[in-house]
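Colleague: Turn this into a structure:
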Amino acid sequence: MAESPEQFRGQSRLPRFAEPLRYDLLLRPDLAACTFSGSAAVAVAVSAPTRFLVLNAAALSVDGSSIRFQDVAPTEVTQFEEDEILVIGFGQELPIGEGVVTMNFTGTLNDQMKGFYRSKYEYKGESRNMAVTQFEAADARRCFPCWDEPAFKAKFKLTLEVPTELVALSNMPVVKETVHGPLKTVYYEESPVMSTYLVAIVVGLFDYIESSTLEGTKVRVYTQVGKTSQGKFALDVGVKSLDLYKDYFATPYPLPKLDMIAIPDFAAGAMENYGLVTYRESALLYDEQLSSASNKQQVAITVAHELAHQWFGNLVTMEWWTHLWLNEGFASWVSYLAVESIFPEWNNWTQFLDETTSGLRLDALAESHPIEVEVNHASEIDAIFDSISYDKGASVIRMLQSYLGADRFQKALASYIKKYAYSNAKTEDLWAVLEEETGEPVKDLMTTWTKQQGYPVIFAKLNGQYLELEQAQFLSDGSSGPGTWIVPMTSCCGSYDVNKKFLLKGKADKIHIKDFAASQTADRGTGQNSWIKLNIDQTGFYRVKYDDELAAGLENAVKAKKLLSMDMIGIVEDSYALSVACKQTLTSLLRLLNAYRHESDYTVLSHVTSVCLGVNKISTDATPDLSRDIKQLLIKLLLLAAKRVGWDPKDEDRKSPLLPPDNRKAAYLAVMRSVSTSSRPGYDSLLKIYRETSEAQEKSRILGSLSSCPDKDIVVEALNFMLTDEVRNQDAFYVLGGISLEGREVAWAWLQENWDHVVKTWPSSSLISDFVNSTVSPFTSEEKAAEVSEFFCTRVKPSFERALKQSLERVRISARWIESIKSEPNLAQTVHQLLLEEV
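Modeller: As a prediction, the model looks like this:
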């Protein structure tokens, strides 16, 4: 039996000898003083001999004299700030069974967008505060003392004391309100069992619009006063998503209501709190006249993602943060399923490849991590909310669904939800249900994708009538890691009419072309009119390196428009990644890009454009004398599509004398490219628009353009503007993401100069990581990597350590790529040859 509070220090998780069953919480936020006070009565089940209760508390002042357990006062109360725990010791062992612990506490409504915090908004020209919670991953402990781990599920009964005129929302509907002069007490229904990170409170002035699902669940969208018309689109998507998920998971939505609310200051994109989903404004609000088509799609995807969590995450919750990907990867994947069903005209699955590409690029770094990553301290959790958990997670789920088949996969998921409803699950639990329902070796297959980092590149070589395949771990630094995967392969030859599915279980295998070729091409796998494509529709999370003969066949197929959009994307993305890793030449990549010059599909072109930008950046440093010609070649490649698309909106409803929202970002960037210290009307005009608009999406477009100027002094001015009160802390990443190539050096110097201020202002992992990534990753020399390492050697913290290592790795990969490009014998000749070709 533990005898000293010290014994509980340095532990990654709380002890299990006492678990919460029910929280009764009263909170009193003071929006003027930016403080709050509260009291908690928690029913606790004591299951093993102990004289201690150990729970989480951080940045709270707990009144030790108020603590009682079954009316017994403790003999010692110790708060370990570093461990974020509160240890309550009693004079004798606690009785086994249920008891209630009570306590009072106070805290600050912080400005760090986590825990219980304040957000600022304007009402009738005045600045006001609202109180908001953001508890994921481990910040409920900043609002009330609690067992702040996902597996400690309990019921919650909340009471809020707030100013009478304000709207006060929580996870559950209001039972009653009582008014006492300027204050009112709001009582909420008790919730079903849930994890602490899903508890939510919002207090402020809001309007709302509402609708209902087919089952009669009331759905509301809350906005700042006067903005409800911008909530209509999200409301419609929300209602349809709930109806769709009810059928897909074969389980009704678990709560009596669902509120979605736009918060002006919000660190993430959105948060799936049970029954009260919070969003940054740009992720929830859509204005028919001012929002772009991409804004509209992003709102739909974000709403569908958060509402998927109401089942996958909230009803069934990961047992520990190691299994975060189960929440995020799944919600990312199923959000595309929902949006594809609601808006089939968007061809949403083609755009899903943006997620896959993001996952593949990050996971090709040696400094990546497995999908399932060990988490030993609360401070480590935020760092895994990254492209691996979300994008790779979603992509391997898509791969598994493709392998098992949509119907079998859906039935098995419904069984999983039913089996683990109102409890917690691990990754292995999902594999076990899928295996039981389908009879397929799901656990063996998927463990290779979730427990080891990275993914394979499949080398494909034609040898007579056989296609020889070999796998090796793909890394962007050109090395080959030790990993081996069970790879769900798909292939077709000359046509999509016949295709073959099989598992590549070992290092190498070979298949006869007749097994997957259409009859007319079976006699010979290639030739002028034939081609072989692996990874059909890019459902697999791997890259393919074709031999020269196969690559030539695919290049011809691209020119002849024989391939589906997703395969067109996969070919150019794989080729670019192989070039970065020096597994193929930039010369061959440029020849392939040239084959896309008649392409008209938006999503394909967006990937081609992204690759062109990467080539343009690296050529500036690798081949300065040739970079102008390479840039002209890339412009020539995209010119046909640009002329075809034009500048005028196709949608008659959106025609107006104003610049259409779909074109604004491009126009703003073009303006900033011509701005300089001696000619700055463009910059000043954009700042004027920024100051006059109240639309979050318009503000983000402008912020993302200001630092794209080639004039270094203007870049510094934009970065300094980001530090002013005119830019919300949540929006800094827009400015950082736009820094021009010419502004690299001054941005890095600026970061060093302002580092102490940045660390203090942006303590959250994802936001501080943006500063590191955006300023370090664009460099391309070993010398600069050494300089950056030296600066950070005494300043690195766990919250951004991984981001720093990844950024430095990217710099070294670029340096290696540059050396490889410099030694290519035919690059200049090929560029000039392609420039002379007829369009």
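Colleague: Now the phi/psi pair for residue 62, please.
Modeller: Taking degrees, to the nearest 10, you get phi -90, psi 130 for the backbone angles of residue 62.
Colleague: Verify the contact between it and residue 101 for me.
Modeller: No - with contact defined as Cβ atoms under 8 Å, residue 62 does not reach residue 101; the gap is 11.4 Å. Where you see a C-beta, it was placed from the backbone N, CA and C, and this is true even at glycine.
Colleague: Quick one: mean pLDDT over the helix ranked longest in the chain.
Modeller: What stands out as the longest helix in the chain, according to DSSP state H, is helix 798-822. Per-residue pLDDT values over helix 798-822 give a mean of 95.
Colleague: Now do that helix: which elements does it pack against?
Modeller: Helix 798-822 sits against helix 378-381, helix 565-580, helix 602-622, helix 765-776, helix 782-792, with contacts defined as 3 or more Cβ pairs under 8 Å, 6 or more residues apart in numbering; DSSP states H and E.
Colleague: redo that, cut-off 10 Å
Modeller: helix 348-363, helix 378-381, helix 565-580, helix 586-594, helix 602-622, helix 765-776, helix 782-792 (3 or more Cβ pairs under 10 Å, 6 or more residues apart in numbering; DSSP states H and E).
Colleague: which one of the ones you listed is the most hemmed in?
Modeller: helix 565-580 (a mean of 24; mean count of other Cβ atoms under 10 Å).
Colleague: now that one, how far from the centre of its chain.
Modeller: 22 Å (Cα atoms, centre = their mean, to the nearest Å).
Colleague: buried residues in stretch 712-730?
Modeller: Buried positions in stretch 712-730, judged by neighbour count with 16 or more other Cβ atoms under 10 Å: 712, 714-719, 721-723, 727-730.
Colleague: Now it - C-alpha only, PDB.
Modeller: The C-alpha trace of stretch 712-730 is given here as PDB (Å, rounded to 0.1, in the frame of the first residue of the first chain):
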ATOM      1  CA  LYS A 712      12.500  41.100 -47.500                       C
ATOM      2  CA  ASP A 713      11.500  44.200 -45.500                       C
ATOM      3  CA  ILE A 714       7.800  43.600 -46.400                       C
ATOM      4  CA  VAL A 715       8.100  40.000 -45.200                       C
ATOM      5  CA  VAL A 716       9.500  41.200 -41.800                       C
ATOM      6  CA  GLU A 717       6.700  43.800 -41.700                       C
ATOM      7  CA  ALA A 718       4.100  41.000 -42.300                       C
ATOM      8  CA  LEU A 719       5.700  38.900 -39.500                       C
ATOM      9  CA  ASN A 720       5.600  41.800 -37.100                       C
ATOM     10  CA  PHE A 721       2.000  42.500 -38.000                       C
ATOM     11  CA  MET A 722       1.200  38.900 -37.000                       C
ATOM     12  CA  LEU A 723       2.400  39.800 -33.500                       C
ATOM     13  CA  THR A 724       0.000  42.600 -33.000                       C
ATOM     14  CA  ASP A 725      -3.400  42.500 -31.400                       C
ATOM     15  CA  GLU A 726      -5.000  42.700 -34.900                       C
ATOM     16  CA  VAL A 727      -4.200  39.100 -35.600                       C
ATOM     17  CA  ARG A 728      -5.600  36.400 -33.400                       C
ATOM     18  CA  ASN A 729      -3.000  33.900 -32.100                       C
ATOM     19  CA  GLN A 730      -4.900  31.000 -33.800                       C
END
